[in-house]
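A.B. asks: give the three-dimensional model of this entry:
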Amino acid sequence: MLHRSMMLINTDMQQFRVKTGAAEFDCLFSTREAPFILTLTSRGLDPKFFKFEVERGYRIKEYLGEMYGSLVEVLRIDGRSGEPFKPGAFLAQLNAVIPKRAKPEAIPSPVEIVQLRHDLEERDKPHFDHWVYWKGKENGGKDGPTLENQHKTLVVLGKDAKAHGLQHRASTYWSATPTGKDWRS
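C.D. replies: Down below sits the predicted model:
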């Protein structure tokens, strides 16, 4: 439902907060990537980052792999509760608290995206500065943007910015301080 509502307001990302059990998370739902991505960043002194791929039918695999231990820790689930952690039950509970309606005010800024997406390169540099246009290997330069740079460009600035970078063999250059610059200029 959230995705359909996002299409109505012409956005591909929403930021929201959810509480499940004793844990509270800042969340991003993004349709910029394929498959779609839902990220959870726990709130508190030692935030933990969790990234889920949202498959067709808006399903998330119950197998959590390396995230399992950290998620159990964040949720404060232990042997004393008498209840084992069940990923399927957690995901169902999470699904129940995800907003159903998209809101324009819930569209995150590039800085907010970088703060919440711990899987991006150069998280200490959330501000777009300029494009670096590569000459190509035949002229002694690089061939174009790295995969990590393409990923950050897509997640933070969107599909059009990534397409620009690929078409022009350009990397985004990022700054730690606000620049006020737009990638289109």
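
A.B. asks: what about the helix or strand bottoming out on mean pLDDT in the chain, distance to the chain center?
C.D. replies: Lowest by mean pLDDT, DSSP states H and E among the helices and strands of the chain is helix 67-75, with a mean of 90. Distance, stretch centre to chain centre, for helix 67-75: 19 Å (C-alpha atoms, centre = their mean, to the nearest Å).

A.B. asks: so after that helix, what's the next helix or strand?
C.D. replies: Sequence-wise, the next helix or strand downstream of helix 67-75 (DSSP states H and E) is helix 87-97.

A.B. asks: that next one to helix 67-75, inter-axis angle?
C.D. replies: 60 degrees (axes from the mean of the first three to the mean of the last three C-alpha atoms, to 10 degrees).

A.B. asks: and the gap between the residue most central in space within the chain and residue 27?
C.D. replies: Against the mean C-alpha coordinate of the chain, by C-alpha atoms, centre = their mean, the closest residue is residue 117 at 4.6 Å. Distance, residue 117 to residue 27, by C-beta to C-beta, to the nearest Å: 11 Å. For the C-beta atoms, the positions are set from N, CA and C on the backbone; glycine is no exception.

A.B. asks: mutual contacts of those two, please.
C.D. replies: Counting by C-beta atoms under 8 Å, 6 or more residues apart in numbering, the residues touching both residue 117 and residue 27 are residue 39.

A.B. asks: flag every buried residue along the least confident helix or strand of the chain.
C.D. replies: Of the residues in helix 67-75, 67, 71, 72, 74 count as buried by neighbour count, 16 or more other C-beta atoms under 10 Å.

A.B. asks: nearest to residue 104 among these?
C.D. replies: When those are compared for distance to residue 104 (C-beta to C-beta), residue 74 wins out at 29.9 Å.

A.B. asks: residue 74 contacts residue 45, doesn't it?
C.D. replies: No. Assessed by C-beta atoms under 8 Å, residue 74 is found out of contact with residue 45, at 11.9 Å.

A.B. asks: please name the nearest non-neighbouring residue to residue 49.
C.D. replies: Once flanking residues are discounted, residue 49 sits nearest to residue 118: 3.6 Å by C-beta to C-beta, 6 or more residues apart in numbering.

A.B. asks: equivalent analysis for residue 20, please.
C.D. replies: residue 93 is the one closest to residue 20 (C-beta to C-beta, 6+ apart), at 5.3 Å.
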